[in-house]
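Novice: sequence-free structure coming up:
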């Protein structure tokens, strides 16, 4: 028996202890992984299914996951229930939300129905008590700026092999300062930080949220643009604009104090520039996943993310220099990559 087999055996023994059953009664099924170092299993015992996570404590935010799960449950927001946890070893025993991701049921005919449900979940998240959300920590300038730095380090330099000059570096600093200033000027609330169709489950009661361990208190449009300009699927701009307007009206009605000084035009700009921060970050994150973590499949999603970045900056004169530089210096290099044929 190798170390991995022994690790699984210890995990199975722990699960059996939590469920007060013998290990021989557990039916164990490995599940596909995600962008993290977590490993998942479906465990069936006595016709009851559970999800078991093996989440290394040195890399995964298990304490935060449990805290956010409790916060969501208190707000009647569907999410996995944590039955047991061993923080020392990174074991979590959770409820099983089934097999169906939101991404699995989306098409041109169904997307409006499902996205309106997903936006309703976001409205519930924005209604969580501010004091409880604040305890999660702040998605502040330092955190947002750190994410933007991934773009230069991993996408520009490591993936494309482009060396940024001092003048270009100054241009990027000015561009990012403009983006962050807008990001931080908008109302704040609960931010999942990766709210998209692969992190939402279709359950009997509607939709449930997963993968929420990175949640913080931050800009109110972050999760909305993560959903509507999903890095893995694109919807017509007219649909996205209509969803943004609908969400704005509902949020303003439900949270009038929070939204008192925000017009629809300002909200749309917040959505654009929040999405710009996210997608510039994601260019770096997907490159890092490929290079550092040996997960090259994420490179195939870069063309859509590049499309989002270029589409938004083309609408803002403040980003004209960035767009000209991107198209001149980076786009030709991206088109030479195996993943760049769609550009």
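Specialist: Received the coordinates, thanks. Keep in mind it's a predicted model, so treat the numbers as computed, not measured. Numbering: from 1, shown residues only.
Novice: can you give me the pLDDT of residue 59?
Specialist: pLDDT for residue 59: 88.
Novice: SS state for it?
Specialist: Under DSSP: H, G, I helix; E, B strand; the rest coil, residue 59 falls in the coil class.
Novice: sec struct for the residue nearest to it when sequence neighbours are not counted, please.
Specialist: With sequence-adjacent residues excluded and distances taken as C-beta to C-beta, 6 or more residues apart in numbering, residue 59 is closest to residue 37, at 4.7 Å. Placement of C-beta: from N, CA and C, glycine included. The three-state label given to residue 37 by three-state DSSP is coil.
Novice: thought residue 37 was touching residue 53?
Specialist: No: taking C-beta atoms under 8 Å as the definition, residue 37 is not a contact partner of residue 53, at 10.8 Å.
Novice: of these two, which one has the most company?
Specialist: A direct count of neighbours by other C-beta atoms under 10 Å for residue 37 and residue 53 places residue 53 higher, at 22 against 14.
Novice: partner strands of the helix or strand encompassing the more buried one, parallel or antiparallel?
Specialist: Assigned by DSSP states H and E, residue 53 belongs to strand 48-54. Neighbouring strands of strand 48-54 in its sheet, by DSSP bridges, are strand 39-45 (antiparallel), strand 91-95 (antiparallel).
Novice: could you point out which element follows the strand or helix carrying residue 142?
Specialist: Residue 142 is part of helix 141-150 when elements are defined by DSSP H and E. Following helix 141-150 in sequence order, the next helix or strand is helix 166-183 (DSSP H and E).
Novice: what sits against the residue nearest to residue 319 when sequence neighbours are not counted?
Specialist: Distance criterion C-beta to C-beta, 6+ apart; nearest residue to residue 319, sequence neighbours excluded, is residue 313 at 3.7 Å. Residues near residue 313 by C-beta atoms under 8 Å, 6 or more residues apart in numbering: 276, 319-320, 322-323, 326.
Novice: hmm, residue 295 is touching residue 285, no?
Specialist: No: counting by C-beta under 8 Å, residue 295 stays clear of residue 285, with 10.6 Å between them.
Novice: comparing those two, which residue is more hemmed in?
Specialist: Remark: of residue 295 and residue 285, residue 285 carries more neighbours, 20 against 15, as counted by other C-beta under 10 Å.
Novice: so which elements touch the helix or strand harbouring the more buried one?
Specialist: Assigning secondary structure by DSSP H and E places residue 285 in helix 264-291. Taking 3 or more C-beta pairs under 8 Å, 6 or more residues apart in numbering; DSSP states H and E as contact, the helices and strands that helix 264-291 lies on are helix 141-150, helix 166-183, helix 222-228, helix 237-254, helix 302-313.
Novice: return the most buried member of the ones you listed.
Specialist: helix 222-228 (a mean of 25; mean count of other C-beta atoms under 10 Å).
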